[in-house]
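Novice: Sequence first, then the predicted structure, then my questions.
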Amino acid sequence: MPQTNMSATRIKPATSELLTLTVLRQQRISRNFVRITLGRGDVERFTPMGFDQWFRLFIPVSSPDTLSRLPNKLTMMAYLKYLTVAKTQRPLLRSYSARAYRPDGVDGPELDIDFVLHGSAEDGTAGPATLWAQNCIEGDPVALLDEGIAFTPPPSVRRVFLVADETGLPATAGILASLPPDTEGEALVEVPSAGDRQDLDKPDGVKLTWIDRDPTGVPGRAALAAAEASPLPTEPFYGWTVGESTLPVTLRRHWVKSGVPKENVMFCGYWKAGRGH
């Protein structure tokens, strides 16, 4: 299970139901990122919340018809029932952040999801989600369950400190684009290479620093080192950190030991190094 305090801070959507959408486009936006644009189907029922809005994404591994047998809500009982389905028939389940939402696409609303390409198909190290993102085509169906947002700073706090590896880049982009214009603070984002940097909308008062990882480095370690070396603001701030598990878990401990109130920190281990995606 991922290490996180998300359940204590999350703002859930007003309604959450299983939505079926289809792939509209696939775009390789950099060496290590593929952007999948979804739409049609039930997209009109998706309610954008901004910030780090995330959802459960179900990807069929066999017949698209398997999506119709998914639960409308992912309760514990529904999840256990899902696990009883044979792996050859059970849709792949992963969590992703909304990279962007456009209400006025060519064929209606559009939802972008950025996939980090972990591993290689050639040597067998690529995970199933990576393989799907590289090979999906227009019309391929998926289903999603909206889970809301985890970025929930106290109303009185106007300064932020965001730290993430590449898996947290889409959520970081959503947060920066949603922040009030007078927000101040810092965002550290580690990416595999300089070519994976993206143009992000953000308040003028938030400094964005890109950290290009050494090719042999473990994801998240460079961002962790930079964040730990960064002087903490003298005024209250809201810390938000996600990515490979060691980064958010260790940084959250560092912040709390430095005097940051626990309620002013949201952390989530999105993944663990060495596991396929």
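Specialist: Cool, the structure landed.
Novice: and Phe58, how far is that from Arg69?
Specialist: To Arg69, Phe58 is 10 Å away according to CB to CB, to the nearest Å. Yep, even glycine has a C-beta here, placed from its N, CA and C like the rest.
Novice: who has more neighbours, these two?
Specialist: Phe58 (23 against 12; other CB atoms under 10 Å).
Novice: In three-state terms, label that one for me.
Specialist: Of the three states, Phe58 takes strand under DSSP: H, G, I helix; E, B strand; the rest coil.
Novice: Run a quick check on it versus Leu93, I expect a contact.
Specialist: Yes - counting by CB atoms under 8 Å, Phe58 touches Leu93, with 5.7 Å between them.
Novice: how many neighbours does Gly105 have?
Specialist: A count of nearby residues for Gly105, using other CB under 10 Å, gives 16.
Novice: same thing with Met76?
Specialist: As a burial measure, Met76 scores 7 neighbours (other CB under 10 Å).
Novice: cool, and the one 4 residues further on?
Specialist: The local packing count at Leu80 equals 9, with neighbours defined by other CB under 10 Å.
Novice: Show the backbone phi and psi for it.
Specialist: Note on Leu80: backbone dihedrals following degrees, to the nearest 10 are phi -60, psi -40.
Novice: who's sitting farthest from the centroid in the protein?
Specialist: Most distant from the centre of the chain: Thr234, at 29.3 Å, with distances by CA atoms, centre = their mean.
Novice: what residues are up against that residue?
Specialist: Contact criterion CB atoms under 8 Å, 6 or more residues apart in numbering gives no residues in contact with Thr234.
Novice: Pretty sure it sits in a helix.
Specialist: No - counting by three-state DSSP, Thr234 is not found in a helix; it is coil.
Novice: what's the spacing between it and Leu162?
Specialist: Distance of Thr234 to Leu162, given as CB to CB: 19 Å.
Novice: Where does pLDDT dip in the protein?
Specialist: 1-2, 119-122, 124, 274-277 (pLDDT under 70).
Novice: Could you chop it up by domain?
Specialist: Using the TED database, the domain parsing of the chain gives 18-149, 159-271.
Novice: packing partners for the strand ranked longest in the chain?
Specialist: Counting residues, the longest strand found in the chain (DSSP state E) is strand 19-30. The helices and strands touching strand 19-30, judged by 3 or more CB pairs under 8 Å, 6 or more residues apart in numbering; DSSP states H and E, are strand 33-39, strand 108-116, strand 141-148.
Novice: All set now, cheers.
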